[in-house]
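Novice: below: sequence and its predicted model.
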Amino acid sequence: MSVIKYIGRTTDFRGNTLWELVGNLRDFGVGRLVIRNMFQRYEEPCYMRILKVDVKPHDPAKDPIRKVAVTVEKVWRGVVSPKPVTIYRTSYKPDYELVPKEEESKYLNNTKKVSEQILATEVEFPPLFREFIRQETGVEEPKMKVHYKLTPNKRVRLAKEGEKPTIKCTMGLGTPASPKLYEGIAL
């Protein structure tokens, strides 16, 4: 009996490429639901409804990887994207699965949504930087203003005035593996 030894990068992908799925369906699967296996780790439903498939001639000499542009209505963690999304750059990954018609209601009827998280508008500086600022300015507890880029996939926002944040960001060393080594040191 011989032993099989795999060489190279491993992957967590399970399924087919998007081209393999839509290429075998009537009307390229317009109206059908597709899931990305990587996103099935969330409790909230993650799926895509195919709206349009843009089939272009493929020249394997120029690009050996077959990609396809698919416009979808994307639902990620229970939140529907406001505009249709075109999937092209990730369509070559073998991680897509077609949802059987009898199981579509399981995704469509799931009403769970990701809860919105609230960030503080200011956070502490890292410890060493905080000491430099204290020496330079004399401010005892300097704070850094938080800048956050809002995207459709993220359900996080900055706290409004008077609102309590749900995510606490602190700077420090955390819990040491051996507290005895840090006795007598102010952290």
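Specialist: Arrived safely, thanks for sending.
Novice: so where's the longest helix in the protein?
Specialist: helix 127-137 (DSSP state H).
Novice: could you check how many residues crowd around residue 68?
Specialist: Residues within reach of residue 68, counting by other C-beta atoms under 10 Å, total 21. Glycine gets a C-beta too; all of them are placed from N, C-alpha and C.
Novice: for the residue nearest to residue 40 when sequence neighbours are not counted, give me the pLDDT.
Specialist: Leaving aside its sequence neighbours, residue 40 sits nearest to residue 46 (C-beta to C-beta, 6 or more residues apart in numbering; 6.6 Å). Note for residue 46: predicted pLDDT of 90.
Novice: residues contacting residue 46?
Specialist: Neighbour list for residue 46: 35, 36, 39, 40, 75, 76, 77 [criterion: C-beta atoms under 8 Å, 6 or more residues apart in numbering].
Novice: ok, now how distant is it from residue 162?
Specialist: 34 Å (C-beta to C-beta, to the nearest Å).
Novice: now swap in residue 117 and tell me
Specialist: Taking C-beta to C-beta, one finds residue 117 at 18 Å from residue 162.
Novice: just to revisit the earlier point, rebuild the contacts of residue 46 as a markdown table, extending it with neighbour count and secondary structure.
Specialist: Below are the contacts of residue 46 laid out as a markdown table (neighbours: other C-beta atoms under 10 Å; DSSP: H, G, I helix; E, B strand; the rest coil):
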| residue | neighbour count | secondary structure |
| --- | --- | --- |
| 35 | 20 | strand |
| 36 | 20 | strand |
| 39 | 16 | helix |
| 40 | 12 | helix |
| 75 | 22 | strand |
| 76 | 20 | strand |
| 77 | 17 | coil |
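Novice: ok, of those, which one's closest to residue 24?
Specialist: residue 35 (16.5 Å; C-beta to C-beta).
Novice: what about residue 136, neighbour count?
Specialist: 9.
Novice: Serialize the contacts of residue 46 to JSON lines and add fields for pLDDT and distance to residue 103.
Specialist: Listed next are the contacts of residue 46 as JSON lines, based on pLDDT from 0 to 100; distance: C-beta to C-beta, whole Å:
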{"residue": "35", "pLDDT": "93", "distance to residue 103": "10"}
{"residue": "36", "pLDDT": "92", "distance to residue 103": "15"}
{"residue": "39", "pLDDT": "89", "distance to residue 103": "16"}
{"residue": "40", "pLDDT": "88", "distance to residue 103": "12"}
{"residue": "75", "pLDDT": "90", "distance to residue 103": "15"}
{"residue": "76", "pLDDT": "88", "distance to residue 103": "19"}
{"residue": "77", "pLDDT": "87", "distance to residue 103": "19"}
